[in-house]
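1. with the sequence up front, the predicted model follows.
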Amino acid sequence: MTDMPNGRLHAKSKWDHRPVVMKNNSSPTKIVVIGGTGLIGKKLVARLLEKGHEVLSASPSSGVNTITGEGLDEALKGARIVIDVANAPVWEDGAVLEFFETAGRNITAAEITAGVEHHIALSVVGTERLLSSGYFRAKMAQENLIKASPIPYTIVRATQFFEFVGSIAQSSTDGDTVRLSSAMMQPIVSEDVASLLADIAGEVPVNGTIEISGPEPIPMDDLVRQFLEATRDPRQVITDPTVGYFGTAVNDQSLTPGANPRLGQTRFQDWLARGASQ
């Protein structure tokens, strides 16, 4: 696991998570969605509103910046739940680590001030198995900061999204050929991710991790092959066990959930049939 640099919250890593009794009243629950304008965030905000919650979509475009801290305290006033679905806008190892650590510390400080009762964060299935990747080391650092915080939490690890299968293909394309491993995946559509997160927002914190995935496992090469065929892309998929996942070595356990994940309902073939839309 990645070591955490010293910081004002690091010294509190031995704090116990305070017990929470979720209030049961007729007033709407205020929920702040960090990254509320992204792929998952927009859908999640809609699901939460459908459930009758008061929802604030927080992002730099709405004046809430988790890196500088701008607008964060004001956004969290009165919030009982914070759901962080933001992703880093940068991919270089040092920059992505700085993003998740800085945002994590600023969010936690604002949550303590606001008296937030439940922090929910979207992470990635297999994070601890992919630490040769700088991105996954950064996600592990984010998870460690959440666990060290006094705020009760639920980490929700999701498998890869259907919407990013095209990016997987592009990362391994050479001319008209796509070379990919046959390692197993169990991807999930973004709509189902949002629905499952909205359900979890209505539950008590587990102070642990929940895994979510699509309903069916599928080899990575077959996943991309089906996508290319459905989108009438002429590239040909070649199975190559030496090829990694965005440069990281993987096996059948790397990208698949453990026992008893919460499952989305949408099958990959059904998503392709309706036009592979978001």
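-> Thanks, I have it. Residues are numbered from 1 along each chain as shown.

2. surely Val178 meets Thr239?
-> No: contact between Val178 and Thr239 fails when scored by CB atoms under 8 Å: they sit 10.1 Å apart. Backbone N, C-alpha and C define where each C-beta goes, glycine included.

3. okay, those two: which has more neighbours?
-> Val178 (23 against 14; other CB atoms under 10 Å).

4. who touches the more buried one in this structure?
-> Neighbouring residues of Val178 by CB atoms under 8 Å, 6 or more residues apart in numbering: 169, 172, 224, 228, 235-238.

5. so how do I select the buried members of these in ChimeraX?
-> Selection command for ChimeraX covering only the buried members of the contacts of Val178, criterion 16 or more other CB atoms under 10 Å:
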select :169,172,224,228,235,237
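
6. let's see which of the contacts of Val178 end up in helices.
-> Among the contacts of Val178, DSSP state H puts 169, 224, 228 in helices.

7. if I look at the first one, how far off is Glu216?
-> Right, Ala169. 19 Å (CB to CB, to the nearest Å).

8. cool, and Lys77?
-> Per CB to CB, Lys77 is found 43 Å from Glu216.

9. same check on Pro60?
-> From Pro60 to Glu216 the distance is 36 Å (CB to CB).

10. more neighbours, the two?
-> Neighbours were counted for Pro60 and for Glu216 using other CB under 10 Å; Pro60 has more, 16 against 13.

11. and Ala95, what is it in contact with?
-> Ala88.

12. what does Pro234 give?
-> 176, 228.

13. from Leu122, how far off is it?
-> 35 Å.

14. circling back: ok, the contacts of Val178 vs Thr248, which is closest?
-> The closest of the contacts of Val178 to Thr248 turns out to be Ser172 (CB to CB; 12.2 Å).

15. next, count neighbours for the closest residue to Ile83 other than its chain neighbours.
-> The spatial neighbour of Ile83 that comes closest, neighbours along the chain excluded (CB to CB, 6 or more residues apart in numbering), is Ile120 at 4.4 Å. For Ile120, the neighbour count with other CB under 10 Å is 26.
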